[in-house]
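# Got a predicted model here, sequence first, then my questions.
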Amino acid sequence: MTFNELTSEEQAVLLDWLNDFRATMGELARVNNHCEAAKTMYWGLISAILAKLDDADTVPNTGGLTGAVSLTKAEITTLLSYVDEPLTVNTDPHRQAIGKACGGSNLIG
């Protein structure tokens, strides 16, 4: 069956979903970029600073995000480990596929 053989309702539903999904792929690419930058900064500078703290030592919240609180060193390193998973889909082939879905300019940010 081809796309043209779908009912017009099926075509419309698929196209609406795909338009939303393309935007989601752009968001994924941008999140991956931010995760990559955070991880690079962590290994380049932050890990050496955190190494001076004990796991239970807290770092105050000064970022201004509503509801955010101080974090311990252990919590910070745990949160950093969460970026490893999204970065498994941040390889060149993944970025090329995502770029095809959402357009190359939507990978930036």
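Thanks, I have it. On a predicted model such as this, the values are computed, not experimentally measured, just so you know.
# Show me what the lowest-mean-pLDDT helix or strand in the chain is packed up against.
In the chain, the helix or strand scored least confidently by mean pLDDT, DSSP states H and E is helix 84-87, which has a mean of 86. Secondary-structure packing of helix 84-87 (3 or more Cβ pairs under 8 Å, 6 or more residues apart in numbering; DSSP states H and E): helix 8-41. The C-beta positions use only the backbone N, C-alpha and C, and glycine is treated the same way.
# mind showing which ranges of this protein have poor pLDDT?
Within the chain, no stretch has pLDDT under 70.
# Recalculate using a threshold of 80.
109 (pLDDT under 80).
# what residue lies at the spatial centre of it?
Against the mean C-alpha coordinate of the chain, by Cα atoms, centre = their mean, the closest residue is Val31 at 2.6 Å.
# show me what contacts that one?
Val31 makes contacts with Pro86, as judged by Cβ atoms under 8 Å, 6 or more residues apart in numbering.
# mind redoing it with 10 Å?
Counting by Cβ atoms under 10 Å, 6 or more residues apart in numbering, Val31 touches 83, 86-87, 90, 109.
# if I look at Ile49, how far off is Glu9?
Using Cβ to Cβ, to the nearest Å, Ile49 is found at 57 Å from Glu9.
# that older thread, now tabulate the contacts of Val31 in CSV and tack on neighbour count and distance to Val69.
Converted to CSV, the contacts of Val31 look like this (neighbours: other Cβ atoms under 10 Å; distance: Cβ to Cβ, whole Å):
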residue, neighbour count, distance to Val69
Val83, 18, 20
Pro86, 14, 24
Leu87, 14, 26
Asn90, 17, 29
Gly109, 11, 27
